[in-house]
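Peer 1: quick one: sequence and predicted model below, then my questions.
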Amino acid sequence: MAPSKNNTSDDTESIYQEAAAEEVDQPLPKDNKMQEVVHADQKSSSNKRYKPLLVINYIMLFVGTVSSSMLSKYYFKHKGESKWVSTWVQSAGFPLLIIPICAPYLLKFTKRKPFTDFNPKIWILSIFVGIMLGINNLLISWGISYLPVSTSNLVLSSQLAFTLIFSAIIVKQKVTFLNLNCVILITLSSIILALNSSNERQSGVTHEKYLIGFFCTIGAGLLFASYLPVMEIIYKKVYCYEMVMEMQLIMQIAATILATIGMTWDGGFSQMKEEGQKVFDKGPTIYWVYIVSNVVTWQLCFMGTAGMVFLTTSLTGGICATALLSMNVLGGLVFYREGFGGFKAVSTVLCLWGFCSYVYGMHTKMVEEKARMRINMNETSSEMVPIVVNRGVTH
Ligand SMILES: Nc1nc2[nH]cnc2c(=O)[nH]1
């Protein structure tokens, strides 16, 4: 699937791009409208950077989601205990974002200097969303520590249902029979896992701890599902990928400050040192290799998610992220030899059925929209020609 953002405006944008091409060698104008014209190309599927960006982001999302989940479980499996350490590594890799922010400018792919289009509203929104992400990260850590990795990922897939609900409220996404079907099936799949909790627990995890892990994961799904449409709204005002990464940097710094406060309050830094030296049963070297690798893989995961929402929509980004959670279910079975009894099998089938019905609903909607767009373009093309001709004459 090569989803296209702003489908209806692609052709209008490419006309703007032609006009903008003449402006690109000039310094960025202060005027907002002209900034839109100069940057509009980056989320238009007709631009030559669009497809490579989409592919790179999906690879980052894929590698990041699967490896970060497996590594987070690895930490708890080998005697790591701190939920704050596990939360901190999810955002502490923020300096890596300097690469996608500065490389395009230093390599002269763009004339836009980093952070030039920021205003106080974007700063405040990014910090607010960053704090939300920090709380999400903590909830994810509690979930991963108490649930088998396959279960936590199946429960987390309930975020697709929440994404639909929040998208309907925040970005006015239409609720259809197929969407609703998906919500019901995925909710059922989580309920089945909750009912099966007594057969599923790992050694040392009490019934209470299992339920804490379960509800923390549901909470993380809720937060992440509200994060996606909020980001979609913010990205409507953002016209280049570099700016998306700049906002990510602010969010990740905010999430890291929250985790650092938690670490300091809970003695997490000294616990980290002690775990590295004495507690982690794979030894100090593997412990620090784990910390660095998990820091990098979580950043890949967040960069991939943000890029997908920017290049497509919150729903499509949510679907892509959630689809990968089923890969994690598989990862749990393969890497950690987790049990896969009847309950989990039924839950997985319901989850996949819900997911497929959702994708089918999206596909039919896209086909309808494309047909409508074609009709609209036929109607408007006769009005656009005189505008282009006119530009040619005056410039
Ligand atoms: N809740 C939640 N947190 C995430 N952090 C990175 N990916 C995800 C996700 O898919 N869901």
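Peer 2: Cool, the structure landed. As the structure is a computational prediction, the values presented were derived from the model and not from experiment.

Peer 1: got the contact list for the closest residue to the ligand within the stretch 201-350 of the chain?
Peer 2: Closest approach between the stretch 201-350 of the chain and the ligand, counting by Cβ to the nearest ligand atom: residue 224, at 3.2 Å. Placement of C-beta: from N, CA and C, glycine included. Neighbouring residues of residue 224 by Cβ atoms under 8 Å, 6 or more residues apart in numbering: 136, 159, 162.

Peer 1: now for the last one, how many residues are close by?
Peer 2: It stands for residue 162. 21 (other Cβ atoms under 10 Å).

Peer 1: from now on call the first residue 856
Peer 2: Happy to do that; since the first residue is 856 now, the last one works out to residue 1017.

Peer 1: helix, strand or coil for residue 969?
Peer 2: coil (DSSP: H, G, I helix; E, B strand; the rest coil).

Peer 1: can you tell me the closest non-neighbouring residue to it?
Peer 2: Nearest residue to residue 969 in three dimensions, chain neighbours excluded: residue 956, at 5.1 Å (Cβ to Cβ, 6 or more residues apart in numbering).

Peer 1: so how far is residue 1108 from the residue of the stretch 1056-1205 of the chain closest to the ligand?
Peer 2: 19 Å (Cβ to Cβ, to the nearest Å).

Peer 1: one more: residue 1166?
Peer 2: 23 Å.

Peer 1: neighbour count for those two, which is higher?
Peer 2: The neighbour count for residue 1166 versus residue 1108, taken as other Cβ under 10 Å, is higher for residue 1166 (26 against 18).

Peer 1: close to the ligand: what parts of the stretch 956-1105 of the chain are there?
Peer 2: Residues of the stretch 956-1105 of the chain found near the ligand (Cβ under 6 Å from any ligand atom) are 991, 995, 1011, 1014, 1075-1076, 1079.

Peer 1: cutoff 8 Å now
Peer 2: Counting by Cβ under 8 Å from any ligand atom, the residues of the stretch 956-1105 of the chain lying close to the ligand are 988, 991-992, 994-995, 1011, 1014, 1072, 1075-1076, 1078-1080.

Peer 1: isn't residue 1186 up against residue 929?
Peer 2: No - the pair residue 1186 / residue 929 is not scored as a contact, 10.9 Å apart, by Cβ atoms under 8 Å.

Peer 1: where does pLDDT dip in the stretch 1006-1155 of the chain?
Peer 2: 1049, 1052-1056 (pLDDT under 70).

Peer 1: which stretches of the stretch 1106-1250 of the chain form strands?
Peer 2: Per DSSP state E, counting those that start in this stretch, the stretch 1106-1250 of the chain carries no strands over any range.

Peer 1: what residues does it put near the ligand?
Peer 2: 1153, 1156-1157, 1160, 1173, 1176-1177, 1179-1180.

Peer 1: just give me the longest helix of the chain.
Peer 2: helix 1197-1249 (DSSP state H).

Peer 1: by contact count, what packs against that helix?
Peer 2: helix 865-876, helix 1004-1011, helix 1014-1025, helix 1032-1050, helix 1052-1055, helix 1169-1191 (3 or more Cβ pairs under 8 Å, 6 or more residues apart in numbering; DSSP states H and E).

Peer 1: the third one to helix 1032-1050, inter-axis angle?
Peer 2: Counting by axes from the mean of the first three to the mean of the last three Cα atoms, to 10 degrees, helix 1014-1025 lies at 130 degrees to helix 1032-1050.

Peer 1: what does helix 1014-1025 rub up against?
Peer 2: 1028-1030, 1034, 1037-1038, 1041-1042, 1075-1077, 1079-1081, 1083-1085, 1087-1088, 1169-1170, 1173-1174, 1177, 1209-1210, 1213.

Peer 1: excluding its backbone neighbours, what's nearest the residue most central in space within the chain?
Peer 2: Centroid-nearest residue in the chain: residue 1160, 2.5 Å away (criterion: Cα atoms, centre = their mean). Distance criterion Cβ to Cβ, 6+ apart; nearest residue to residue 1160, sequence neighbours excluded, is residue 1176 at 5.5 Å.

Peer 1: pretty sure the one you found is touching residue 916, no?
Peer 2: Yes - using Cβ under 8 Å, residue 1176 is in contact with residue 916, at 6.5 Å.

Peer 1: now for those two: what residues contact both?
Peer 2: 1160, 1163.

Peer 1: next one: the residue of the stretch 1056-1205 of the chain closest to the ligand from residue 1086, what distance?
Peer 2: From residue 1079 to residue 1086 the distance is 10 Å (Cβ to Cβ).

Peer 1: tell me the pLDDT at residue 1167?
Peer 2: At residue 1167, the pLDDT value in this model is 83.

Peer 1: backbone phi and psi for it, please?
Peer 2: phi -120, psi -110 (degrees, to the nearest 10).

Peer 1: any idea how far it is from residue 1068?
Peer 2: On the measure of Cβ to Cβ, residue 1167 and residue 1068 end up 31 Å apart.
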